[in-house]
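> Prediction below, plus the sequence it came from.
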Amino acid sequence: MKKSRLGEFQELILMTIIVLQEEAYGMEIQRDLEARLNERLSVGAIQTALKRMEEKGFLVSEWGEATQKRGGKRKRIYQATPYAHRVLREMKDIRAQLWKAMPELGISKT
């Protein structure tokens, strides 16, 4: 499979999916991320990112059961693939190396 990188937004969505597990569907992903980021996110942006990540092999999805709570509508449940887990670990390692190599952040002397 072609090596792909995740954008920041895609990475946050992917991590949220892993955290939410069986509750990882569009609206719940949006709610969770909005709470963590303390900002509003559009449903369209979330859906576009989910579709692209599924096309790239980071996610798989399946339809859940219809529920009365959702007015009889089914929800699409997302799950991260082993490939996604591997890419996230690589990105975490790269970030950790960079943070370790950086001088302490502080007020600039200039």
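Now that the structure is in, tell me what you want to look at.
> hmm, who's touching the one helix or strand D93 maps to?
Assigned by DSSP states H and E, D93 belongs to helix 82-101. Applying CB atoms under 8 Å, 6 or more residues apart in numbering, the contact partners of helix 82-101 are 1, 4-6, 11, 14-15, 18, 53, 57-59, 80. No exception for glycine: its C-beta is placed from N, CA and C like everyone else's.
> show me what contacts the residue most central in space within the chain?
Nearest residue to the geometric centre of the chain (CA atoms, centre = their mean): I13, 1.7 Å. Going by CB under 8 Å, 6+ apart, I13 touches 29, 33, 46, 49-50, 53.
> helix or strand for it, which one?
Per DSSP H and E: helix 8-20 holds I13.
> Pull that helix out as CSV, backbone CA atoms only.
Presented in CSV, the C-alpha positions along helix 8-20 are these (Å, rounded to 0.1, in the frame of the first residue of the first chain):
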residue,chain,number,x,y,z
GLU,A,8,-3.6,17.2,11.5
PHE,A,9,-7.5,17.1,11.2
GLN,A,10,-7.5,13.6,9.9
GLU,A,11,-5.1,12.5,12.7
LEU,A,12,-7.4,14.0,15.3
ILE,A,13,-10.5,12.3,13.8
LEU,A,14,-8.6,8.9,13.6
MET,A,15,-7.5,9.2,17.2
THR,A,16,-11.1,10.1,18.3
ILE,A,17,-12.4,7.0,16.4
ILE,A,18,-10.0,4.8,18.3
VAL,A,19,-11.1,6.4,21.6
LEU,A,20,-14.8,6.1,20.9
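> Let me know the angle separating the very next helix or strand once past that helix from helix 8-20.
Scanning forward in sequence from helix 8-20 by DSSP H and E, the next helix or strand is helix 26-37. Put simply, helix 26-37 runs at 110 degrees to helix 8-20, going by axes from the mean of the first three to the mean of the last three CA atoms, to 10 degrees.
> Could you shift the numbering so residue one becomes 31, and keep it that way?
All set: I'll call the first residue 31, so the last point we hit is now helix 56-67.
> helix, strand or coil for E95?
Of the three states, E95 takes coil under DSSP: H, G, I helix; E, B strand; the rest coil.
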